[in-house]
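In: Quick one, what's the 3D model for this:
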Amino acid sequence: MTSPMEMDKLLHVAQSCAPPEAIQLIVQVTEDPHTHTFAKLAEAPTIQKLALTPEGAPYVQLLRLYTTGTWADYLSMAHQLPSLSAAQVAKLRQLTILSLAYQERSLSYATMCEHIGLAKDLRESVRILEELIIEALYQNLFTGRLDGVAERLDVHSVTPRDVPRTADTHNGHDAVFGLLQALRAWRDRSSDAITALDTYKRQVEQKYDARAQTMQEDHAALTDALRNVAQSDTGMVARMRLQETYPDAMDVEANRRTHSKRRSKRTRA
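Out: Got it, this is the predicted structure:
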């Protein structure tokens with residue numbers, strides 16, 4: 001991605017350049033493999049003035065295309081734009097993949113080829129596609145895993161593309177609206193997740209309280225039963241019945257009594 005310092009240099013150059021130089025600057029940034037943000041340059045006063053000239057208007061439109069547009073947008077307006085160099089074609093295809101990755105977390109080769117104008121079943125198309133993806137991964141445009149066997153790109157995170165500060169174009173409105181929709185969807189998912197966690201927490205607490213209450217009642221019942229056994233002439237028979245009814249609890253009680261007797265003997269000694 002273009003660093004703030006590099007973009008500041010471009011803006012400084014754009015402030016004082018003549019129309020021919022501004023056109024060359026647009027060509028340069030749309031070919032540069034390390035530049036992927038263009039909104040600030042497109043809003044520069046010199047570029048805005050260039051848009052009013054017959055020779056400069058197509059290049060400004062090209063710059064706006066690289067700001068938020070895709071390969072499909074280019075095809076729809078190619079007759080209004082300058083011819084693209086090989087570097088510009090690769091850049092626009094890469095930006096298109098970036099837009100797709102922002103919308104979907106799992107992208108098939110077939111889907112990506114369709115959106116960037118490559119034949120789906122040709123080995124050469126796969127090679128070009130993988131080179132574009134690998135270069136984007138190296139530049140941290142997105143993170144993910146490229147699965148050549150399954151012919152799929154699994155996206156983990158994405159660096160968003162430009163959203164124009166002045167959304168005066170159709171693409172600008174779409175970009176702002178899409179970002180707003182994405183934020184609303186994230187808010188709704190977060191709210192649903194919090195509600196689900198709160199519900200689960202209450203359920204766990206209720207189960208814990210119910211189990212604690214049951215254990216307390218069982219302990220009280222066992223204590224009363226043992227007290228009755230100690231006071232009964234038929235204590236042995238009753239104790240055998242308790243052993244059948246509360247086997248675990250009786251084992252615990254027996255261990256407690258054995259431990260108590262040993263401690264008493266040690267104390268007397």
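
In: C-alpha from now on. contacts and neighbour counts both.
Out: Noted.

In: distance between the ends of stretch 138-158?
Out: By CA to CA, to the nearest Å, the extent of stretch 138-158 from end to end equals 13 Å.

In: Where does the record place the domain boundaries for this protein?
Out: 4-161, 189-268 (automatic domain parsing).

In: Of those domains, which is nearest residue 183?
Out: domain 189-268 (9.9 Å; CA to CA).

In: Which parts of the stretch 151-269 of the chain are strands?
Out: 152-158 (DSSP state E, counting those that start in this stretch).

In: Please enumerate the helices of it.
Out: When assigned using DSSP state H, counting those that start in this stretch, the helices of the stretch 151-269 of the chain occupy the ranges 170-231, 235-245, 247-268.

In: So for the longest one, mean pLDDT?
Out: Confidence over helix 170-231, taken as the mean pLDDT, stands at 79.

In: packing partners for it?
Out: With contacts taken as 3 or more CA pairs under 8 Å, 6 or more residues apart in numbering; DSSP states H and E, helix 170-231 sits against helix 57-68, helix 235-245.

In: Look up how far residue 127 lies from the residue most central in space within the chain.
Out: Closest to where the C-alpha atoms of the chain average out (CA atoms, centre = their mean) is residue 157, at 5.2 Å. Distance of residue 157 to residue 127, computed by CA to CA: 23 Å.

In: do the same with residue 101
Out: Residue 101 is 19 Å from residue 127, by CA to CA.

In: Neighbour count: the two, which is higher?
Out: Shown here are residue 101 and residue 127; by other CA atoms under 10 Å, residue 101 has more neighbours (25 against 10).

In: got a pLDDT number for the residue nearest to the centre of the chain?
Out: Residue 157 is given a pLDDT of 87.

In: For the stretch 1-150 of the chain, which segments count as strands?
Out: Secondary structure of the stretch 1-150 of the chain (DSSP E, counting those that start in this stretch): strands at 106-108, 142-147.
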